[in-house]
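Enquirer: I'd like to go over a predicted model; first the sequence, then the structure.
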Amino acid sequence: MKKTMTTTAGNPISDNQNSITAGSRGPVLLQDYQLIEKLAHQNRERIPERVVHAKGSGAFGVLEITEDISKYTKAKVLQKGETTKMLLRFSTVAGERGAADAERDVRGFALKFYTRDGNWDLVGNNTPVFFIRDAYKFPDFIHTQKRHPHSNLRSNTAAWDFWSLSPESLHQVTILMSDRGLPKSYRHVNGYGSHTYSLINAQGERFWVKFHFKTLQGIETITNKEAEAIVAKDRESNQRDLFENIQAGNFPKWSFEIQIMTNDEAKECNFNPFDLTKVWPHKDYPMIKVGVMTLKENPKNYFNEIEQASFSPSNIVPGISFSPDKMLQARIFSYPDAHRYRVGTHYEMLPVNRPIVEVNTYHTDGSMNYEIKEVTDAYYEPNSFDGAVEDASFAEPAFETGDVADRYNHRDGNDDFTQVTALFNLMSENQKEQLFSNIADAMDGVPENIVNRQLALFEQVHSDYAAGVKKALGI
Ligand code: NDP
Ligand code: HEM
């Protein structure tokens, strides 16, 4: 027998097709609370979309650690033989919740690992670097990627104005405009933790680390022309690809690898290893294999498990920690702040965000606090009533910082060009041609003075870079 439909209070519903009206032609009676409840719920079906990375797709899977890296970290999730359930949400950055997938943009690669020490979130991208190195510039940068407040249109002029005035963006701009800026699907992107983080071993030694997830499907990309044809027919091409492949049992995999730098090496390094606009060259800091990550399960409910998924770089576990990277430091604040606004104060009580371990905080009340725990006298801390207490064994080793506070110029002593030249030099002729023509496409309508300022930056990377773009622009 079918179940009886009810209101949210569990009252049975006798008719879900006809509202209560005075006479067959209306008007409607205010006492039709079932109609009112239905309309009121619809009005609340949307939560604010993410201020960035609004369009995304996600799936659950497992991380399996196949190698022994215990000399670098005591993190349980990273010990050989450990298997951890995880969630991966891919996204584009600039487009709104209904934007097309096949757009030239950075791809978000946000991971949540449900570990035995609570959640570890690694909220990265498909690129190892970023456009800026100081979070103070992030809201302005994002404004250039979103819509012009007057025309409500995206603005190439704003994008190139900001980039040409921010030479630290060159590395990321070059990757974005290269073939990799338009992936064929989410299955065909690498994921990078991007920032430098730290690993801490059982002896309390700290190592600096970069996290890499290399796609085992291979990097595959599409051209602007191919993307135009796809978007004309299908705005959900990447969602469709991911969902259908997982439904069909074709589970995508990534090789999980790290690079390690000791504190002494960091002091000697000829670039700032905590600068998010830089990579660590592989020949100096070789890749170390750690394990494999496999996506195996589509979400049962997209809204509950993907739209409400709340990732934060602040979620770390013993054995994994932060670095002095200024951008990372700001993101540690920004994400939980976004979630408390976008999802609700107790967002981590939702099943998708909830750790698998017991949570023992003294936070109380606030929106979405639906958990009914046994009430004891230990509702504050310190207390004399056997409430949860701190455990000094989880203390991290100290790390050095500069000690004179100032607004330091983030450009001083920073070379914005050498690593971009290395990237340009490794591109094939065909990749270079794509780079030039993608930039020319993206510069459509940009005033000459801004184009020239950007060309001067390309010139500092490589004269062929500037010449190629000029030719593609017909200059
Ligand atoms: P390597 O030759 O050892 O590594 C080059 C890396 O570049 C490979 O990881 C390759 O990825 C990646 N790559 C190739 N084409 C592109 C592209 N169009 N856009 C982005 N990445 C690409 O040299 P280095 O380690 O010295 O790095 C040289 C340059 O490569 C860097 O300046 C940086 O721009 C780029 N790079 C470096 C990474 C690093 O962690 N060192 C990571 C990613 C890029 P794959 O093997 O998957 O093809
Ligand atoms: C999403 C802030 C830089 C990757 C977001 C969100 C905010 C934000 C507020 C929306 C969160 C939400 O509502 O759920 C910032 C700030 C940055 C910064 C202030 C710079 C200081 C970066 C960098 C990366 C990154 C460097 C990658 C290395 C992501 C990803 C998402 C995201 C992947 C989407 C997460 C998801 O799938 O839910 N960012 N961001 N961001 N950001 Fe950042």
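Expert: Now that the structure is in, tell me what you want to look at. Numbering: from 1, shown residues only. Ligands and ions are numbered 1, 2, ... in the order given.
Enquirer: quick check: which element contains Glu49?
Expert: Element membership for Glu49 (DSSP states H and E) is empty, with no helix or strand holding it.
Enquirer: brain fart, Phe207
Expert: strand 206-215.
Enquirer: distance-wise, check the nearest residue to Leu328 once chain neighbours are set aside relative to ligand 2.
Expert: Nearest residue to Leu328 in three dimensions, chain neighbours excluded: His195, at 4.4 Å (Cβ to Cβ, 6 or more residues apart in numbering). Placement of C-beta: from N, CA and C, glycine included. From His195 across to ligand 2, the span is 6 Å (Cβ to the nearest ligand atom, to the nearest Å).
Enquirer: with Phe436 instead?
Expert: 26 Å.
Enquirer: now do the SS call for that residue.
Expert: helix (DSSP: H, G, I helix; E, B strand; the rest coil).
Enquirer: got a list of what it touches?
Expert: By Cβ atoms under 8 Å, 6 or more residues apart in numbering, the residues touching Phe436 are Gly468, Val469, Lys471, Ala472.
Enquirer: cool, Thr84 as well?
Expert: Neighbours of Thr84 in contact, by Cβ under 8 Å, 6+ apart: Val62, Leu63, Val77, Phe113, Tyr114, Thr115.
Enquirer: can you check Val189 too?
Expert: Phe90, Arg107, Phe109, Asn126, Pro183, Thr215, Ile219.
Enquirer: all strands for this structure, in order.
Expert: Secondary structure of the chain (DSSP state E): strands located at 56-65, 83-92, 107-115, 118-125, 191-192, 197-200, 206-215, 253-261, 288-297, 320-321.
Enquirer: would you mark the buried spots in stretch 194-205?
Expert: Within stretch 194-205, the residues that qualify as buried are Ser194, His195, Thr196, Tyr197, Ser198, Leu199, Ile200, Asn201, counting by 16 or more other Cβ atoms under 10 Å.
Enquirer: go ahead and confirm the last one touches Ala75.
Expert: Looking back up the chat, that one is Asn201. No - in this structure, Asn201 is not within contact of Ala75 by Cβ atoms under 8 Å, at 9.4 Å.
Enquirer: picking that back up, can you flag the buried ones in the contacts of Phe436?
Expert: Gly468, Val469, Ala472.
Enquirer: format those residues as CSV; extra columns: distance to ligand 2.
Expert: Shown next, in CSV, are those (distance: Cβ to the nearest ligand atom, whole Å):
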residue, distance to ligand 2
Gly468, 28
Val469, 26
Ala472, 29
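Enquirer: in the stretch 301-450 of the chain, which residue sits nearest ligand 1?
Expert: Leu423 (3.2 Å; Cβ to the nearest ligand atom).
Enquirer: that older thread, mind putting the contacts of Thr84 into TSV with neighbour count, pLDDT and distance to Lys137?
Expert: Listed next are the contacts of Thr84 as TSV, based on neighbours: other Cβ atoms under 10 Å; pLDDT from 0 to 100; distance: Cβ to Cβ, whole Å:
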residue	neighbour count	pLDDT	distance to Lys137
Val62	17	99	37
Leu63	25	99	33
Val77	24	98	33
Phe113	24	99	30
Tyr114	20	98	34
Thr115	25	98	33
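Enquirer: for ligand 2, state which of those is nearest.
Expert: Out of these, the member with the shortest distance to ligand 2 (by Cβ to the nearest ligand atom) is Phe113, at 14.3 Å.
Enquirer: so the closest one bridges to which residues?
Expert: Met86, Trp120 (DSSP bridges).
Enquirer: tell me if I'm right that it and Val77 touch.
Expert: Yes - counting by Cβ under 8 Å, Phe113 touches Val77, with 5.6 Å between them.
Enquirer: which residues do the two both contact?
Expert: Common neighbours of Phe113 and Val77 (Cβ under 8 Å, 6+ apart) are Leu63, Thr84, Trp120.
Enquirer: roughly how far apart are the last one and Val77?
Expert: With distances taken as Cβ to Cβ, to the nearest Å, Trp120 is found 6 Å from Val77.
Enquirer: hmm, back to that, Thr4: which of the contacts of Phe436 is nearest?
Expert: Closest to Thr4 out of those is Ala472 (65.8 Å), distances taken as Cβ to Cβ.
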